[in-house]
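1. below are the sequence and a predicted model; questions follow.
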Amino acid sequence: MSKSSEKKEFILEKATQVFIKNGFHNVTMKDIIEECGISRGGIYLYFSSTDEIFMEVIKRHNLSKAKEVKIDIEKNNSFEAMLANYFDMQKNRLLHMKNSLLLAMFEFFIAHKHEPDKDFFSGTFNMLEGTLYDVLDYGVRQKCLRAENLRVLSANVLFCIKGLETLAMSSGVSEELLNTQFEFIKKNILTRYGDSSHEE
């Protein structure tokens, strides 16, 4: 990795911590500059605004989660274990929002309603849907699921997760509620889409 790439990654790592701690609305370029311990000119070589930094932080975060899934697939882990791990990750994020980018993401969404912003939001959704699709497609390759409407299924599951995010932000969610919802979704996936032709 070049020095320029290393510096950019360093800025994004530090900015991630600032956004997790303060949300999006309360963060200024000065906050990120101070967290990074670099000059104003040094940070403006890479980013022109908090908006630009935040969008890169989200892309980086989602790419990291997608990479984790690909590593699990390469390890040839069981599909059931991968599915359980995916929902455990979602549960942990919703129960510990103070340690996630969720609040900042909601604030960013509320503040950005212009037409160009739609591309960013749709791209973010598509990346998240693609990660879940990879998990489900792995289930097909492991002969646990049928290759039937996987795109529809992955989008529908993500819609449910987004609904739980809204509930978590507005009134909070309990671990019991999340366990019930995610177990229902997992059971639905395995029973409705399970490949019965490969059962023993």
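-> It's in.
2. check contacts around the most centrally placed residue in the chain.
-> Centroid check for the chain by CA atoms, centre = their mean gives residue 62 as the closest residue, at 4.8 Å. Residues near residue 62 by CB atoms under 8 Å, 6 or more residues apart in numbering: 124, 127, 128, 131. Backbone N, C-alpha and C define where each C-beta goes, glycine included.
3. cool, residue 134 as well?
-> 66, 69, 70, 73.
4. just the ones in helices from these, please.
-> 66, 69, 70, 73 (DSSP state H).
5. buried members of the residues you listed into ChimeraX, please.
-> To isolate the buried ones among those in ChimeraX, judged by 16 or more other CB atoms under 10 Å, type:
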select :66,69,73
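6. what's the mean pLDDT across stretch 8-25?
-> For stretch 8-25, mean pLDDT is 95.
7. which positions within that stretch qualify as buried?
-> Those would be 8, 11, 12, 14, 15, 16, 18, 19, 20, 23, 24, for stretch 8-25 by 16+ other CB under 10 Å.
8. next step: those restricted to helices.
-> Counting by DSSP H, these contribute 8, 11, 12, 14, 15, 16, 18, 19, 20 to helices.
9. including distance to residue 28, could these go into a markdown table?
-> Formatted as a markdown table, those follow (distance: CB to CB, whole Å):
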| residue | distance to residue 28 |
| --- | --- |
| 8 | 19 |
| 11 | 14 |
| 12 | 17 |
| 14 | 14 |
| 15 | 11 |
| 16 | 16 |
| 18 | 9 |
| 19 | 12 |
| 20 | 16 |
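10. for residue 43, state which of those is nearest.
-> Closest approach to residue 43 among those (CB to CB): residue 11, at 6.2 Å.
11. show me the two of the buried residues of stretch 8-25 that sit farthest apart.
-> Longest span within the buried residues of stretch 8-25, CB to CB: 8 and 23, 22.8 Å.
12. dump the contacts of residue 134 into CSV; add pLDDT and distance to residue 172 as well.
-> Converted to CSV, the contacts of residue 134 look like this (pLDDT from 0 to 100; distance: CB to CB, whole Å):
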residue, pLDDT, distance to residue 172
66, 91, 28
69, 88, 28
70, 90, 33
73, 88, 34
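13. among these, give me the pair with the biggest separation.
-> 66 and 73 (10.7 Å).
14. how many neighbours does residue 38 have?
-> 17 (other CB atoms under 10 Å).
15. three-state assignment of it?
-> Under DSSP: H, G, I helix; E, B strand; the rest coil, residue 38 falls in the coil class.
16. per-residue confidence for it?
-> On the pLDDT scale, residue 38 gets 91.
17. can you pull out the helices in this protein?
-> Under DSSP H, the chain gives helices at 3-22, 29-36, 40-44, 50-74, 79-95, 102-111, 115-141, 150-170, 175-192.
18. can you pull the buried residues of the longest one?
-> Neighbour-count burial for helix 115-141, counted by 16+ other CB under 10 Å, picks out 120, 124, 127-129, 131-140.
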